[in-house]
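Colleague: next input, structure requested:
(one chain, ligands or ions: 2)
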Amino acid sequence: MKIKSAKFITSAVDPSVYPKDNLPQIVFAGRSNVGKSSFINSMLNIKNLARVSQTPGKTRLLNFFLINEQFYFVDIPGYGYAKASKVQLLDFSKMIEEYFASGNISLGVLLLDSRRIPSEDDLLMYEYFKATKKKLLIILTKADKLSNNQLFNQKRLIKQSLGLEKSEMLLEYSTNSKVNHDLIWNLLLEGIGIDYEI
Ligand code: GTP
Ligand code: MG
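Modeller: Residues are numbered from 1 along each chain as shown. Ligands and ions are numbered 1, 2, ... in the order given. Purely as a prediction, here's the structure:
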């Protein structure tokens, strides 16, 4: 996929600030520190467009990035952030619910840590995507931290825990090796109904 342009458009909490055009949006969800912002930067081949941090809780707002003037990547705060206060948790749920209700999400990408069994929050997020009938792609992050054998086993366990069919796909990714980079781009574009040469 040729990235002709990738621009930060806005950070939003309130729906009144979401982009008003009707371009398709791809939302990236996952627990805090799973690697959402890193994944976005890596797919776009741009350092630090989305902010990355060693400390969980870096992304606090909905961040809209316009790609090739054609569609949006939306980086959202991670859930399961241990230090979040009750008020922050409530704000988070409200923000996510309002965003999901906004109607412009064409595709969800759920990022799961390849080394972990999905948490309660991961399972909730997965169920939430299913309940809202959004198309969903699941990516396992930080694949470089596992051997091929470990990855194979983890995929099996994660599938089991989500209750996926054998045929349903889990794709691993690593910002180091960029494994599956092109395939993931194909699926992202297919998911929003844009088809052109990668
Ligand atoms: P929040 O904004 O807190 O929700 O986190 P996030 O999901 O956006 O995670 P972020 O991209 O900030 O990455 C968290 C940490 O994981 C950073 O230290 C990244 O460098 C690291 N990381 C992300 N992807 C990979 C990967 O593929 N491999 C390795 N080894 N580290 C990664
Ligand atoms: Mg982030």
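Colleague: what is the burial count for the nearest residue to Asp91 once chain neighbours are set aside?
Modeller: Distances taken as C-beta to C-beta, 6 or more residues apart in numbering place Val13 nearest to Asp91, at 7.6 Å, with adjacent residues excluded. (Glycine included, C-beta is placed from N, CA and C.) Residues lying near Val13 (other C-beta atoms under 10 Å) number 15.
Colleague: does Ile46 lie in a helix or a strand, and which?
Modeller: Using DSSP states H and E, Ile46 sits within no helix or strand.
Colleague: now it, nearest residue through space, not along the chain?
Modeller: Closest residue to Ile46 apart from its sequence neighbours, by C-beta to C-beta, 6+ apart: Ala6 at 5.8 Å.
Colleague: list the contacts for that neighbour?
Modeller: Ala6 sits next to 44, 46, 49, 65-68, 73 when contact means C-beta atoms under 8 Å, 6 or more residues apart in numbering.
Colleague: please repeat the previous calculation with a cut-off of 7 Å.
Modeller: Ala6 makes contact with 44, 46, 49, 65, 67, according to C-beta atoms under 7 Å, 6 or more residues apart in numbering.
Colleague: ok, of the residues you listed, which come out buried?
Modeller: Among the contacts of Ala6, those classed as buried by 16 or more other C-beta atoms under 10 Å are 44, 49, 65, 67.
Colleague: among these, which two are most distant?
Modeller: The distance between the two most remote of these (C-beta to C-beta) is 10.1 Å, for Leu49 and Ile67.
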